[in-house]
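S.K.: When you get a sec, could you give me coordinates for this:
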Amino acid sequence: MKSVFIDGQAGTTGLKLQSRLETRDDIRLLTIDPERRKDPAARAELMNQADAVFLCLPDDAAIEAVSLVINPGAVILDASTAHRAVPGWVYGFPELNGSQRAAIASSKRVAVPGCYATGFISLVAPLVQGGWLAPSTPLACHGISGYSGGGNRMIAECESDGRPASLDSPRQYGLSQNHKHLPEMTRMSGLVTPPVFNPIVCDYFAGMVVSVPLHASAFEKRVDIESLNSIYNNHYAGSCFIHVLPPPSDGFMPANALAGTNDLNITVCGGGERFTLTASFDNLGKGASGAAMQCMNIALGLDEAAGF
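M.R.: Numbers count the residues shown, from 1 in each chain. Purely as a prediction, here's the structure:
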């Protein structure tokens with residue numbers, strides 16, 4: 001049985017991880033006295049007893065937490081932005097390429113991807129890797145998420161009595177084009193130019209869709225829906241969680257369809273001169289806690305799909 005500690009278990013990702021791990025009989029979840037959860041000594045004691053440590057913390061706190069781990073056998077899985085482009089850390093998207101799963105399995109430092117980044121990378125990386133899109137291709141990306149992606153503060157605001165009327169409406173943000181996911185979206189997709197990114201938070205709890213619209217002229221080779229589906233099917237063959245689906249028959253793609261799962265569905269729509277590539281998944285699942293647990297399973301030599 002493997003021992004696991006969650007540092008920052010009071011946040012949305014930490015709480016979701018805790019609920020997932022508590023159902024498993026192959027994991028012993030180490031817990032900390034709530035009054036000592038900010039005590040570095042108490043946290044360090046538990047971290048260094050664990051086979052795996054999840055960091056569900058703000059960036060600065062995550063960097064500090066890493067310094068507390070002196071057990072060379074402990075796997076650290078950081079759900080913050082802090083280590084996603086740091087040498088020595090493996091990016092925790094097992095489906096990225098043919099060697100990423102093995103890299104996670106052999107690493108003690110895994111950076112869990114951001115939610116929007118997961119969707120964008122799942123769509124774009126196979127196309128860049130296969131030579132279908134040039135790394136310099138200017139792209140746009142639209143993302144819609146439930147409000148749980150904003151953490152406890154946003155959840156409380158959206159679920160409060162007498163909330164402002166503006167929360168009834170979709171709200172665009174990241175207006176400065178400096179969203180924190182842009183560096184990993186660019187780097188891990190193999191691009192040299194960051195996409196124009198348009199994230200929107202909406203009045204529902206969990207689930208998201210991330211879309212990349214493209215003109216056929218953007219591709220390096222001639223494409224149609226069948227060839228694009230073939231690219232994705234080949235890239236994600238054997239994946240436990242990523243599936244390629246046809247466009248919905250009713251013409252609508254709900255953003256919350258996969259809430260509560262670790263699945264990610266890719267759908268190619270359009271045809272002719274214009275396409276829309278869309279990834280649907282749960283911002284708290286494959287976009288956060290689910291991805292973290294999937295990486296833990298791989299790093300600890302467990303069944304990748306255990307706990308889902």
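S.K.: Could you check how far Gln9 is from Arg222?
M.R.: Gln9 is 50 Å from Arg222, where distance means Cβ to Cβ, to the nearest Å. All C-beta atoms are positioned from the backbone trio N, CA, C, and that covers glycine.
S.K.: Would you mind telling me which of the two has the busier surroundings?
M.R.: Per other Cβ atoms under 10 Å, whichever of Gln9 and Arg222 has more neighbours is Gln9, with 20 against 8.
S.K.: Would you list the phi and psi of the nearest residue to the more buried one once chain neighbours are set aside?
M.R.: Once flanking residues are discounted, Gln9 sits nearest to Gln18: 5.4 Å by Cβ to Cβ, 6 or more residues apart in numbering. With angles defined as degrees, to the nearest 10, Gln18 sits at phi -60, psi -40.
S.K.: okay, now Gln18: neighbour count?
M.R.: Neighbours around Gln18, by other Cβ under 10 Å: 18.
S.K.: residue contacts, it?
M.R.: Gln18 sits next to 6, 9, 29 when contact means Cβ atoms under 8 Å, 6 or more residues apart in numbering.
S.K.: correct me, but the second one touches Lys16?
M.R.: No. Judged on Cβ atoms under 8 Å, Gln9 makes no contact with Lys16 at a distance of 9.8 Å.
S.K.: Distance check, the nearest residue to Ser136 once chain neighbours are set aside against Leu214.
M.R.: Nearest non-adjacent residue to Ser136, counting by Cβ to Cβ, 6+ apart: Val192, 5.4 Å away. Going from Val192 to Leu214 by Cβ to Cβ gives 17 Å.
S.K.: which residue ranges form the helices in the stretch 1-150 of the chain?
M.R.: 12-21, 40-47, 59-66, 100-105, 115-129 (DSSP state H, counting those that start in this stretch).
S.K.: Just put these in TSV and tack on distance to Leu258 and mean pLDDT.
M.R.: Shown next, in TSV, are the helices of the stretch 1-150 of the chain (distance: least, Cβ to Cβ, whole Å; pLDDT from 0 to 100):
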stretch	distance to Leu258	mean pLDDT
helix 12-21	14	94
helix 40-47	32	95
helix 59-66	27	96
helix 100-105	22	98
helix 115-129	11	98
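S.K.: hey, which of those is tucked in deepest?
M.R.: Of all the helices of the stretch 1-150 of the chain, helix 115-129 carries the top mean neighbour count, a mean of 26, counting by mean count of other Cβ atoms under 10 Å.
S.K.: between that helix and helix 12-21, how big is the angle?
M.R.: Per axes from the mean of the first three to the mean of the last three Cα atoms, to 10 degrees, the angle that helix 115-129 makes with helix 12-21 is 80 degrees.
S.K.: mind listing the strands for the stretch 151-300 of the chain?
M.R.: Applying DSSP state E, counting those that start in this stretch to the stretch 151-300 of the chain gives strands spanning 171-172, 196-202, 208-215, 242-245, 264-271, 274-281.
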